[in-house]
Structure formats: C-alpha cells, structure tokens
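In: Any chance you could fold what I've pasted below:
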Amino acid sequence: MPNKDFAVDARAQDLIAWRSEYDDATPLNELRPRHPGVAVGVVSRMLLVPGRSLDVTVEDGTGRLIATWTGRTRLPGIELGTGLRLTGTVSQTTDGVYRMRNPEYALVAEPYA
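Out: Residues are numbered from 1 along each chain as shown. Now for the predicted structure:
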C-alpha cells in the first residue's frame, strides 16, 4: 500500500513546480489580504450555492484559495482539474481562508496535461 503522506507531498511538489512557470503569480501562501493579487492554481473543488454564487477552490501546492462569483451558476471551461489564473483583491476569513470575490479569470495549461 502506498504511503499517503508521500502522495500528498509528491502532488504538492508537482503543483509548486507547475505554478512556478507563471512568473507573475504569487504562491497562495504568500498572498496578502486587502491587496490585489495574481494567483495560479488547479481547481480542486466547486460549490454552487443556488441563486447566490459559485465557489471554486484552487490549490497550488502551497495553499488554497476560494474564488467566489456572485450570481453565477457556471463559468465556461472551468471544471475539476482545470488550471486557472485569478486576478483580484484577496480577503481572509476569520478562520484563515483566502478568498477572491468576482476575480478576473483565465484558463491556463493544466498541471498534468
């Protein structure tokens, strides 16, 4: 049976190497609340809140960020595993979660494509 910790570490290392190809993107664990930021990550979770918003969680091997689009039920091209570039102002919830509301987004090459 493979070591679960090794798999997590190997995936994080893969994502860090992939994200480092985007020179202008800040690692997620280095984003600063209340400041504009550019982040690149892979979509790991999507949550639709009917009538309210679409939450897309991205990760880059250093952390996670939730991008929230209000009034949206879907965004063309975004699905689990998609590489995503986000630009917007970063906020941080009381429990330490980074978030961008209605960020600009662009699809980028997936890390395992």
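In: Touching, Gly83 and Tyr105? I think so.
Out: No. Applying CB atoms under 8 Å as the test, Gly83 and Tyr105 come out as separate, 10.8 Å apart. For the C-beta atoms, the positions are set from N, CA and C on the backbone; glycine is no exception.
In: gap between stretch 62-69 and the chain center?
Out: Per CA atoms, centre = their mean, to the nearest Å, the displacement of stretch 62-69 from the mean C-alpha position of its chain is 4 Å.
In: So which residues make contact with that stretch?
Out: Contacting residues not belonging to stretch 62-69 are listed as 12, 16, 19, 27-31, 39, 41, 44, 53-59, 75, 84, 86, 88, 90, 97-103, 105 [CB atoms under 8 Å, 6 or more residues apart in numbering].
In: Got a quick PyMOL command for the buried subset of those?
Out: Applying 16 or more other CB atoms under 10 Å to the contacts of stretch 62-69, the buried members can be selected in PyMOL as follows:
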select buried, resi 19+27+28+31+39+41+53+54+56+57+58+59+75+84+86+88+90+98+99+100+103+105
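In: Please flag which of the contacts of stretch 62-69 sit within helices.
Out: Counting by DSSP state H, the part of the contacts of stretch 62-69 found in helices is 12, 16, 19.
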